[in-house]
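> Sequence first, predicted model second:
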Amino acid sequence: MLLMQNTSTDVMCFYDGGLGYSDYGALINPDSGLPYRNYYAFSMFNSLYRLGNQACVTCNEQEILVGAAVDGKKAAVVLANPSDIDIQAVLDIQNFPVCEAQILRIDRGNRYTLTGETLQDGSLFVPAHGCVEVKLWNLT
């Protein structure tokens, strides 16, 4: 979704959220009834969508996909690493204090989990095939 955000794509469809066995059933595990990690990627993108205003993002790392949105004193940044390598990203966030950031992760050990970690000098670890959402508030 991050990759297609600024393209001429008119419609993007994800076909099945059901519990049946099929090649298209990639949101809910039919054995456990629990969401797959793909499900939570929609939740991360929804955080950006609900803020309503796409923010300008530049990224020097070709392996990382980044999207950001802002609405007044709220902002969010979503990073996705579809590559096979772990990446240490350095964020330069303006107009929002990073000390109050909330970080949520989707990776092998997390399912859209609020981790409690902080941004150390704007540095953030993005594991291979993982996603990170950074929620920011400017309360000043």
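Perfect, thanks for sending it.
> CA only for contacts and neighbour counts going forward, please
Noted.
> secondary structure element for the spatially most central residue of the chain?
Among the residues of the chain, the one closest to the centroid is Val78, at 3.6 Å (C-alpha atoms, centre = their mean). Secondary structure from DSSP states H and E places Val78 in strand 74-81.
> Now do that strand: which elements does it pack against?
For strand 74-81, the packing partners by 3 or more C-alpha pairs under 8 Å, 6 or more residues apart in numbering; DSSP states H and E come out as helix 37-51, strand 65-71, strand 123-126, strand 130-137.
> Relative to Thr58, tell me which of those wins on proximity.
Of all the helices and strands packed on strand 74-81, strand 65-71 sits nearest to Thr58, with 8.1 Å by C-alpha to C-alpha.
> On the three-state scheme, Tyr112 is what?
Following DSSP: H, G, I helix; E, B strand; the rest coil, we place Tyr112 in the strand state.
> Contacts only, for it.
Arg37, Tyr40, Met44, Leu104, Arg105, Ile106 (C-alpha atoms under 8 Å, 6 or more residues apart in numbering).
> Quick check: the two most widely separated of those?
The span of these, defined through C-alpha to C-alpha, is set by Arg37 and Leu104 at 12.8 Å.
> And the pLDDT for the residue nearest to the centre of the chain?
With respect to pLDDT, Val78 scores 94.
> ditto for Met4
57.
> for this protein, what are the low-confidence residue spans?
Residue ranges of the chain with pLDDT under 70: 1-9, 12, 14-25, 139-140.
> Count residues in the vicinity of the closest residue to Val98 other than its chain neighbours, would you?
Leaving aside its sequence neighbours, Val98 sits nearest to Leu119 (C-alpha to C-alpha, 6 or more residues apart in numbering; 6.4 Å). Neighbourhood size, Leu119 [other C-alpha atoms under 10 Å]: 17.
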